[in-house]
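Asker: Okay, predicted coordinates and the sequence, questions at the end:
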Amino acid sequence: MHRPPSLKTIEIFASVQGEGLRQGEPTIFVRLAGCNLRCSFCDTKYAWERGRVQTVAEVIQQVRSLWRGFPARWICLTGGEPLRQSIAPLIRELQKHGLAVQVETNGTFAPRPAADWYTVSPKPPAYAFHASFRKKAKEVKLVVSRALTTDVVRGVRRSFPATVPVLLQPQSNARWSMAKAMKLLEEAVRLGLINIRVSVQLHKIYQVK
Ligand code: SF4
């Protein structure tokens with residue numbers, strides 16, 4: 001018997017995008033379950049769990065019901081690591097409904113589905129990412145953890161086209177991390193690296209999800 005496409009989800013909610021270039025934009029989030037990495041600074045460890053099995057139709061229904069009260073143009077598929085699951089049918093359905101789809105990924109899986117916006121956030125210790133993100137990423141986010149160094153920033157900057165911004169995002173807006181982000185930015189400027197910016201997690205300042 002043909003089984004409808006399904007996904008493991010953690011939560012679906014309406015908020016604003018707190019990170020990256022789309023910061024501040026109304027967005028409906030679909031948080032998918034599971035991650036292949038185990039970053040010590042992860043602020044969504046609860047998404048490492050198994051999640052709830054939902055068909056794509058059920059996810060769409062939930063998104064639509066939120067959308068009626070909060071008609072955001074953007075949907076963000078996040079996690080965990082969304083590309084661990086087969087998200088192509090969900091992306092297609094969302095786009096059929098006229099919605100733009102952002103995918104937030106650690107970059108370790110190939111970006112096969114045609115999302116409208118890929119945010120790639122390579123993680124320590126390897127800071128590895130699939131080569132095709134070089135063309136597909138709209139932005140690159142680096143969490144300013146204890147592990148982040150100027151060499152990593154330089155390597156990542158040189159791996160992506162100069163038109164793709166590299167954002168230095170302080171770890172949970174911590175003061176030490178903000179100070180480190182500024183230092184890394186100053187070093188990047190001195191090294192002649194372009195399109196690197198300091199950032200912040202806006203949703204934590206506004207105290208929204
Ligand atoms: S890649 Fe992201 S979701 Fe996965 S453990 Fe690291 S910070 Fe958490």
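Answerer: It's in.

Asker: what about Thr108, how many residues close to it?
Answerer: Residue neighbour count, defined by other C-beta atoms under 10 Å, stands at 19 for Thr108. For every residue, glycine as well, the C-beta is placed using N, CA and C.

Asker: Quick check: the gap between it and Trp117.
Answerer: Look at Thr108 and Trp117: by C-beta to C-beta, to the nearest Å, they are 18 Å apart.

Asker: and Arg68, how many neighbours?
Answerer: With other C-beta under 10 Å as criterion, Arg68 counts 7.

Asker: got the residues of the chain near the ligand?
Answerer: Contact residues (C-beta under 6 Å from any ligand atom) of the chain with the ligand: 35, 37-39, 42, 44, 79-81, 106, 123.

Asker: most neighbours, which of those residues?
Answerer: Gly80 leads the residues of the chain next to the ligand on contacts (other C-beta under 10 Å) with 29 neighbours.

Asker: Secondary structure element holding that one?
Answerer: Under the criterion DSSP states H and E, no helix or strand holds Gly80.

Asker: how much space between it and Gln61?
Answerer: Taken as C-beta to C-beta, the span from Gly80 to Gln61 is 21 Å.

Asker: show me the biggest strand of the chain in terms of residues.
Answerer: strand 6-16 (DSSP state E).

Asker: For that strand, C-alpha coordinates in PDB please.
Answerer: The C-alpha coordinates for strand 6-16 follow below in PDB (Å, rounded to 0.1, in the frame of the first residue of the first chain):
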ATOM      1  CA  SER A   6       5.700  11.800   6.500                       C
ATOM      2  CA  LEU A   7       8.200  13.600   8.700                       C
ATOM      3  CA  LYS A   8       9.200  13.600  12.300                       C
ATOM      4  CA  THR A   9       8.500  17.000  13.800                       C
ATOM      5  CA  ILE A  10       9.200  18.600  17.200                       C
ATOM      6  CA  GLU A  11       7.000  21.800  16.900                       C
ATOM      7  CA  ILE A  12       5.300  24.200  14.500                       C
ATOM      8  CA  PHE A  13       4.900  27.800  15.600                       C
ATOM      9  CA  ALA A  14       4.600  31.300  14.400                       C
ATOM     10  CA  SER A  15       7.200  33.900  15.300                       C
ATOM     11  CA  VAL A  16       9.800  36.200  13.800                       C
END
